[in-house]
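Colleague: Kindly generate the corresponding structure for this input.
(one chain, ligands or ions: 1)
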Amino acid sequence: MSAEKILIVEDEPALARSLEYGLANEGFKVLWAETGRRALELARARDPNLILLDIRLPDISGYDVCRTLRAEGKRQPILMLTARDEETDKVLGLELGADDYVVKPYSLREVISRVRALLRRAYGELASAAPGGRVHLGEIEVDLERWLVQRRDQAINLTPIEFRLLRELVTHPDRPISRDQLIETIWGYDGDIGNDRTIDVHMRHLREKIEADPTHPRWLVTVRGLGYKFSP
Ligand code: CA
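Modeller: Okay, here's the model as predicted:
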């Protein structure tokens, strides 16, 4: 499975570093914003899977960040980091669209367990709705946990890259995913693995293995000018 991206929004470097260390240690990919404006930039550009959001920031507040992202249609879980005396802050934050909060001083263990719970709730629904984390594309069964793909009990051999590509698409049904996002999810960084066409080549191979008619795909469809989506 590819690493989930967590955006830490925290202006105190020591706190940010400890969160960064703890989350990276758990296998997450971590981004850090010191200000509210930087948080908005990173949230827009990098589309993190979850945001840890401090309320008191040097420029715009965590509330403003939360409100703005929700107004823009961003739906990733937001876990607020609040101070002990900020009871009203929690209520306001939840009203503005945050999903949960932890009170400072928090333990790293607590934050990580909340992060995992929120990620499960937000992204695990499809996998848990299907017994054993399986998704069906007609006769084809994708076992997300065991990395198996079968057509009527016949194994289909996918390369690890093809599997990651398929997994990313089927776990976000009907959601167009850009080539850049796919590249980052699959290879774990933005950089120099050639160009967008790399994804197209892997997609062509994947379709040849999955689709009844690869030139007219039923499941893995092209979103013109953007990338691909899974059409369930
Ligand atoms: Ca702060």
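
Colleague: Quick check: the residue of the chain nearest the ion.
Modeller: Going by Cβ to the ion, the ion is nearest to Arg56 of the chain, at 3.9 Å. Glycine gets a C-beta too; all of them are placed from N, C-alpha and C.

Colleague: wait, is that residue part of a strand?
Modeller: No: counting by DSSP: H, G, I helix; E, B strand; the rest coil, Arg56 is not part of a strand but coil.

Colleague: Phe230 pairs with what?
Modeller: As for beta bridges, Phe230 partners with Leu220 under DSSP bridges.

Colleague: what's near enough to touch it?
Modeller: Leu169, Val170, His172, Pro173, Asp174, Arg175, Trp219, Leu220, Val221 (Cβ atoms under 8 Å, 6 or more residues apart in numbering).

Colleague: try it again with 7 Å
Modeller: Leu169, Val170, His172, Pro173, Trp219, Leu220 (Cβ atoms under 7 Å, 6 or more residues apart in numbering).

Colleague: so the first one is in which element?
Modeller: Under the criterion DSSP states H and E, the helix or strand holding Leu169 is helix 160-170.

Colleague: what about that helix, distance to the chain center?
Modeller: 14 Å (Cα atoms, centre = their mean, to the nearest Å).

Colleague: just to revisit the earlier point, which of the contacts of Phe230 are buried, as a PyMOL select command?
Modeller: The PyMOL selection below is limited to those of the contacts of Phe230 classed as buried (16 or more other Cβ atoms under 10 Å):
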select buried, resi 169+170+219+220
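
Colleague: Turn the contacts of Phe230 into a markdown table, including distance to the ion.
Modeller: Below are the contacts of Phe230 laid out as a markdown table (distance: Cβ to the ion, whole Å):
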| residue | distance to the ion |
| --- | --- |
| Leu169 | 38 |
| Val170 | 39 |
| His172 | 32 |
| Pro173 | 37 |
| Trp219 | 45 |
| Leu220 | 43 |
